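the following comprises the amino acid sequence and a computationally predicted model.
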Amino acid sequence: MPSLHRLRAFWRTTSPLDRIFGAVLILCILTWTTRLGFYVSFMRGWVVILFLIALGFIVVRFARWVRRRLLWGLRNRLVVAYVFIAVVPVVLLATMAGIFAYLIYLQLGAHMLTDDLNERISATTSVADTLARTMESEQLNKNSTNLSSLLAAPGPSAVLASARRDLPGIEVRVPAITAAPTAPLVKSFHGLVQSGGKLWIEAVVPGHFAAGSEFLVRAPVTTALLQTLAPDLGPVQLTIFRPADSSDAPAYIFNFNEQRIVRVGQIANTRPLQPKHAWYDFVISGSSTLDALLFEKDQPTSVTVPVFAAFSMRPWQLNRRLFASLGAFGDPLVITLVLIAIVFAALEIAALITGIVLTRTITIAVDDLYAATRHVRLGDFTHRIYVRNRDQLGVLAESFNAMTSSVAELIEEQRARHRLENELTIAREVQTQLFPRELPSLPGLELAAVCRAARVVSGDYYDFLKLGDSNLGLAIADISGKGISAALLMASLQAALRGQAILDGHRSTAQVVETLNRHLFLNTSDDRYATLFYAEYDSASRTLRYTNAGHCAPFFVCDGQVQKLDAGGTVVGLFDHADYQQGTAKAECGSLLVAFSDGLLEPENVYGEEFGTARLAAEVLRLRDLPVERLAENLLASVEQWAGTPEQADDMTVIVARFR
C-alpha cells in the first residue's frame with residue numbers, strides 16, 4: 001500500500017532520538033486521555049515535564065524539517081532571501097511610519113480635546129473672577145447681601161448670559177457675604193472636579209465680600225458641553241472613576257498608576273463621525289487621561305482620580321487642522337504626500353515583481369542544470385539544455401552542453417580504446433603464441449631468450465628453428481615501427497622465415513635472407529622494413545653460419561675475446577633486390593653467442609649518454625660465466641639500471657647461446 005510505503009520511508013528518515021521523544025509524547029497523551037492517567041497520578045508532575053520536553057524537541061525538529069523542505073529549492077531560497085533583504089525592511093519601515101503617523105494623530109486629537117477643555121476651564125476662571133469683581137461693585141452700590149439680587153443686576157447678568165453659550169448649566173455659589181474682609185484670602189483653584197458621581201468644571205477665586213470667603217463658579221460636564229469641545233473630532237466619551245473602598249466588589253476594581261479605582265459613570269456626546277473624504281481616510285480611535293480633584297460631600301480633598309477620554313476622528317480633518325497655517329496649500333500638500341506614498345508603494349511592488357522574475361530566470365536555469373545532471377547521472381549524454389537567454393546563465397548552459405558533448409565523445413573514445421586494448425590483448429596472446437613455447441634441445445648447446453615489449457605488443461622477434469638432428473636455426477629481428485603494424489609484420493616475417501628455412505634446409509643463410517627480403521618487399525608498404533640476424537648451427541661440425549641483414553651485430557665470445565658477427569647486407573623489405581653474404585664462426589667449446597636488439601643499446605642515463613655497444617660488450621664479458629638464463633636477465637637489468645627509469649623507450653630482446 002502507498003501509505004504503508006510512505007510510513008516506512010518516513011520511519012527510515014527519523015533518528016533514534018526522534019523515535020524516543022515521539023514515543024514519550026504519545027505516552028504522555030495516552031496518559032491524559034485514557035484511564036492510564038488514574039494509575040500514574042502520583043507522577044503527573046513528571047509527565048507534564050516530559051511532555052513539555054518531548055513537545056519542544058518535536059516542534060524544533062519539525063521546524064527544521066519544514067525549513068529544509070521549504071529551502072531545498074533554490075527558487076524558494078532566493079525568494080526568501082529577497083523578502084528578508086528587501087521586502088521585510090520596507091514593511092518594517094512602512095509599519096513604523098504608520099505607527100508614527102497614528103501616534104501623531106493620537107497626540108493631535110488628545111491635544112485638541114484637552115486644549116478645548118482647558119479653554120473652558122480658563123473661561124470658567126475668567127467668569128468667576130469677573131463675577132466676583134462685578135458683584136462686589138454691585139454690593140457696594142446697593143449695599144445688599146442678597147446673592148440672587150446681585151446676580152440679577154445688569155453687569156453679572158450679562159456676564160452669565162455670555163458664559164452660558166460655552167458653559168451650559170453654569171452655576172454660581174457664594175457661601176457667605178459679610179461686611180469688610182478681616183482675614184487672609186483663600187487660595188484660588190480651577191480645573192476638573194469629581195463630586196457625587198458627576199464631573200464638573202470649577203473655578204474658585206477669593207471672595208471680595210468678607211475675609212476668608214470664596215467665590216465659586218462651576219459648570220457640569222454634560223453631553224451638551226462635549227458637543228462644543230473639539231469640533232474636528234467625532235464622538236467623545238469621558239469615563240469617571242472614584243477611589244475603591246471595601247464595599248466594592250473585586251471584579252469592578254482595577255489598578256491604575258498604583259491607585260485602586262472603580263468606574264462610577266460615563267459621559268458621551270452624540271456628534272457623528274465626519275464623512276469619509278477619500279478611500280484612505282480611515283477612522284482613528286484614541287484615548288487620553290485627565291485628572292479630576294475629588295470632592296466628598298462638597299468638601300475638597302487632596303485626592304485626584306483619573307478621567308478616561310476616548311475619541312474617534314478622521315485623518316483628513318486632523319490634516320486640515322494640522323496644516324491650517326499653510327492656508328490653501330494645506331490640502332494639496334496632503335494630497336502630494338499621499339501620492340508620493342502611493343508611488344513608493346508601486347515602486348516597491350514593481351521591485352518585488354522584478355526580483356521574483358529575475359529569481360525565476362535564475363532558478364529555471366538551475367532547474368535545467370539539475371535536470372541535465374540527472375540525465376548525465378543516468379548515462380544519457382545526449383540531453384541538451386535549452387538556452388533561454390544570452391547571459392552568463394545562458395553561457396553556463398552552453399558550457400554544460402559542450403561539456404556533455406565532450407564527455408560523450410570521451411566515453412566513446414574510451415570505449416574505442418577499451419576495444420582496442422582488448423584487441424591488443426588478443427594480439428599479444430597471439431604474438432605470444434608466435435614465440436617459441438619451448439626452447440629446442442641440441443647436444444652441446446644451451447639456449448636462453450628474453451623479450452620485453454615496450455608496449456602491449458612487441459616489434460622484436462626471435463625464433464629457434466629445428467632443421468634436423470644436428471642443425472638449429474636462430475633468428476632475431478627488429479621490425480620498424482611499433483604496435484600492431486610491427487606485430488603484423490613480425491607475424492609475416494615469422495611465417496616466411498619458417499617456410500623458407502624449414503621447407504628447404506639446403507640453402508645458405510644468405511639465400512634465405514634474400515628470399516625473405518623479396519617476400520617482404522612485395523607484401524608490405526614502401527616504408528616498412530626489418531633488421532634481421534639469421535644463423536644456423538651445425539653441432540656435428542661445430543660451425544655457425546649466419547647472415548646479418550642490418551641488425552645490431554651479435555657478440556661471439558671465445559677465449560675472452562669478443563667478435564662482432566656483422567657479415568651480411570642491408571635491411572630486408574626495403575629494396576626489391578639486395579645482395580647478402582654468409583659469414584661463419586667456429587664454435588669452440590665454451591664459446592658464447594649473444595644476439596640482441598637495439599633496445600639494449602639506445603637507453604640513456606640522466607646525462608644523455610647511451611648504454612652503447614662497448615658497455616654491453618663489457619657486461620657480456622663480466623657475466624659470461626653465469627648460466628644463460630641469468631646472463632640474459634642480468635643484461636636487461638644492467639640496461640634498466642643505466643636508464644634509471646621503469647619506462648622502456650623501445651622493445652628489448654636478447655638471445656644467449658652457449659656452445660659446450
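Thanks, I have it.

which secondary element of the protein has the worst mean pLDDT?
helix 36-39 (a mean of 52; mean pLDDT, DSSP states H and E).

pass me the low-pLDDT residue ranges in the stretch 151-300 of the chain, would you?
Low-confidence segments of the stretch 151-300 of the chain, defined by pLDDT under 70: 151-155, 174-187, 207-214, 297-300.

the stretch 301-450 of the chain too?
325-328, 330-331, 427, 430-433.

what about the helices in it?
315-322, 330-377, 392-434 (DSSP state H, counting those that start in this stretch).

dump the ones you listed to CSV, plus mean neighbour count and distance to Gly568.
For glycine as for every other residue, the C-beta is placed from the backbone atoms N, C-alpha and C. Below are the helices of the stretch 301-450 of the chain laid out as CSV (neighbours: other Cβ atoms under 10 Å; distance: least, Cβ to Cβ, whole Å):
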stretch, mean neighbour count, distance to Gly568
helix 315-322, 19, 119
helix 330-377, 14, 61
helix 392-434, 13, 23
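
quick one: contacts for Ala496?
For Ala496, the residues meeting the contact criterion (Cβ atoms under 8 Å, 6 or more residues apart in numbering) are Thr515, Leu516, His519, Leu520.

quickly list the domain ranges of the chain.
Domain segmentation of the chain under automatic domain parsing yields 17-68, 93-322, 323-434, 438-659.

tell me which of those sits most buried.
Among the domains of the chain, domain 438-659 has the highest mean neighbour count (mean count of other Cβ atoms under 10 Å), at a mean of 18.

tell me how far Ala350 lies from Leu192.
54 Å (Cβ to Cβ, to the nearest Å).

roughly how far apart are Leu167 and Pro89?
With the distance defined as Cβ to Cβ, Leu167 ends up 52 Å from Pro89.

if we can go back for a sec, would you format the helices of the stretch 301-450 of the chain as JSON lines with distance to Lys564 included?
Below are the helices of the stretch 301-450 of the chain laid out as JSON lines (distance: least, Cβ to Cβ, whole Å):
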{"stretch": "helix 315-322", "distance to Lys564": "119"}
{"stretch": "helix 330-377", "distance to Lys564": "62"}
{"stretch": "helix 392-434", "distance to Lys564": "28"}
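
pLDDT of the helix or strand following the least confident helix or strand of the chain, averaged?
Remark: after helix 36-39, the chain's next helix or strand is helix 44-70, criterion DSSP states H and E. Averaged over helix 44-70, pLDDT sits at 74.

one step back: with distance to Trp316 and secondary structure added, can I get the contacts of Ala496 in JSON lines?
Formatted as JSON lines, the contacts of Ala496 follow (distance: Cβ to Cβ, whole Å; DSSP: H, G, I helix; E, B strand; the rest coil):
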{"residue": "Thr515", "distance to Trp316": "122", "secondary structure": "helix"}
{"residue": "Leu516", "distance to Trp316": "118", "secondary structure": "helix"}
{"residue": "His519", "distance to Trp316": "116", "secondary structure": "helix"}
{"residue": "Leu520", "distance to Trp316": "113", "secondary structure": "helix"}
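
secondary structure class of Leu273, three-state.
coil (DSSP: H, G, I helix; E, B strand; the rest coil).

and Ser287, by the same measure?
Going by three-state DSSP: Ser287 is strand.

try the one 5 residues further on
Recorded secondary structure, Ala292: strand (three-state DSSP).

that one touches Val305, doesn't it?
Yes: the criterion here is Cβ atoms under 8 Å, and Ala292 meets it with Val305 at 5.6 Å.

what's the overlap in contacts for those two?
Gln194, Ile240.

partner strands of the longest strand along the chain and their direction?
Using DSSP state E, we find that the single longest strand of the chain is strand 299-313. Strand pairing for strand 299-313, determined by DSSP bridges: strand 236-243 (antiparallel), strand 284-296 (antiparallel).

got CSV for those strands, with distance to Glu619 too?
Shown next, in CSV, are those (distance: least, Cβ to Cβ, whole Å):
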stretch, distance to Glu619
strand 236-243, 122
strand 284-296, 111
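
kindly list the longest helix within this protein.
helix 88-142 (DSSP state H).

the inter-axis angle of it versus helix 330-377?
Interaxial angle, helix 88-142 versus helix 330-377 (axes from the mean of the first three to the mean of the last three Cα atoms, to 10 degrees): 160 degrees.

secondary structure element for the closest residue in space to Leu50 that isn't next to it in sequence?
Leaving out its chain neighbours, the residue that sits closest to Leu50 by Cβ to Cβ, 6 or more residues apart in numbering is Val24, at 5.5 Å. For Val24, the host element (DSSP H and E) is helix 16-33.

so how far is that helix off the chain centroid?
What separates the centre of helix 16-33 from the centre of its chain is 35 Å, taken as Cα atoms, centre = their mean, to the nearest Å.

which strands or helices does that helix pack on?
If contacts are counted by 3 or more Cβ pairs under 8 Å, 6 or more residues apart in numbering; DSSP states H and E, helix 16-33 sits against helix 44-70.

need the contact list for Leu226.
Taking Cβ under 8 Å, 6+ apart, we find Leu226 in contact with Val236, Leu238, Ile267, Ala268, Asn269, Arg271.
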